[in-house]
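S.K.: The following comprises the amino acid sequence and a computationally predicted model.
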Amino acid sequence: MDGIAGTVAAAAGMFAGTNVDDMIVLTVLFLSGRATGEPKAWQVWAGQYAGIAALVAVSVVAALGLTVVPDDWIGLLGLIPFALGVRGLVSAVRARGRGDEDSSPAVASGVLAVAGITVANGADNISVYTPVFRSIGPGATAVTVAVFALGVALWCLAASWLGSHKRVIEIVERYGRWIVPVVFMVIGALIVVESGVIAKIVQL
């Protein structure tokens, strides 16, 4: 029992430690959904689960000794949220040009978009998960994955609650067409910059 308890505690700590920044992303997505209608709550949940599942799957495969995505280039995934942010900003500018001030284009409008943002934001988690999965057995891996699944649910519930405040929703309804795209552009830029991939490209 101590072994299982230790595995659960370690998995919970690992999930929380590697997904703190994901709480911000989820909160923004829920706020955007309440203010604009997209993405819908179920799409955020499904996209988050799909994204985390993809990260875990890649980590497990990498733990078996197979390289799926070279570590040196994984930071390029940050271009996903950045591109979505740019698209949202362009849509907002066009809407304003048409005089449609009430239009608030959604940055992420589907399960795949949310999953893509989740994968991009958590791409660096693979470097943490891989050695862990490599060092534990199948049973402990299954327990860890189950804890991660529960963690996703807790993260979504917490982010949904954080994104339910009326004053914040009112602000997003009014300025969300500018705020949300900029937030995702910043997130994407930080992922790319902090990964060091720009330096590697310059050296080519």
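M.R.: Structure received. Numbers count the residues shown, from 1 in each chain.

S.K.: which stretches of the chain form helices?
M.R.: Here the chain has its helices, by DSSP state H, at 2-18, 20-36, 41-63, 79-97, 111-121, 126-135, 138-162, 166-195, 197-203.

S.K.: highest average neighbour count across the ones you listed?
M.R.: Of the helices of the chain, the one with the most neighbours on average (mean count of other C-beta atoms under 10 Å) is helix 111-121, at a mean of 24. All C-beta spots, glycine's among them, are computed from the backbone N, C-alpha and C.

S.K.: Would you reformat the helices of the chain as TSV and include mean pLDDT?
M.R.: What follows is these, written out as TSV (pLDDT from 0 to 100):
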stretch	mean pLDDT
helix 2-18	86
helix 20-36	84
helix 41-63	91
helix 79-97	80
helix 111-121	88
helix 126-135	83
helix 138-162	93
helix 166-195	74
helix 197-203	72
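
S.K.: can you tell me which residues contact the spatially most central residue of the chain?
M.R.: For the chain, the residue sitting closest to the mean C-alpha position, by C-alpha atoms, centre = their mean, is Thr118 at 2.4 Å. Taking C-beta atoms under 8 Å, 6 or more residues apart in numbering, we find Thr118 in contact with 22, 25, 47-48, 50-52, 54-55.

S.K.: need the residues you listed in CSV with distance to Val128, can you?
M.R.: Putting the contacts of Thr118 into CSV (distance: C-beta to C-beta, whole Å) gives the following:
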residue, distance to Val128
Asp22, 13
Val25, 18
Gly47, 21
Gln48, 18
Ala50, 20
Gly51, 16
Ile52, 13
Ala54, 15
Leu55, 10
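
S.K.: Nearest to Lys40, out of the residues you listed: which one, please.
M.R.: Gly47 (10.2 Å; C-beta to C-beta).

S.K.: In contact with the closest one, which residues are there?
M.R.: 39, 108, 110-115, 117-118.

S.K.: Nearest spatial neighbour of it, chain-adjacent residues omitted?
M.R.: What sits nearest to Gly47 in space, not counting adjacent residues and going by C-beta to C-beta, 6 or more residues apart in numbering, is Val114, at 2.5 Å.

S.K.: Check the spacing between the residue nearest to the centre of the chain and Ala140 real quick.
M.R.: To Ala140, Thr118 is 24 Å away according to C-beta to C-beta, to the nearest Å.
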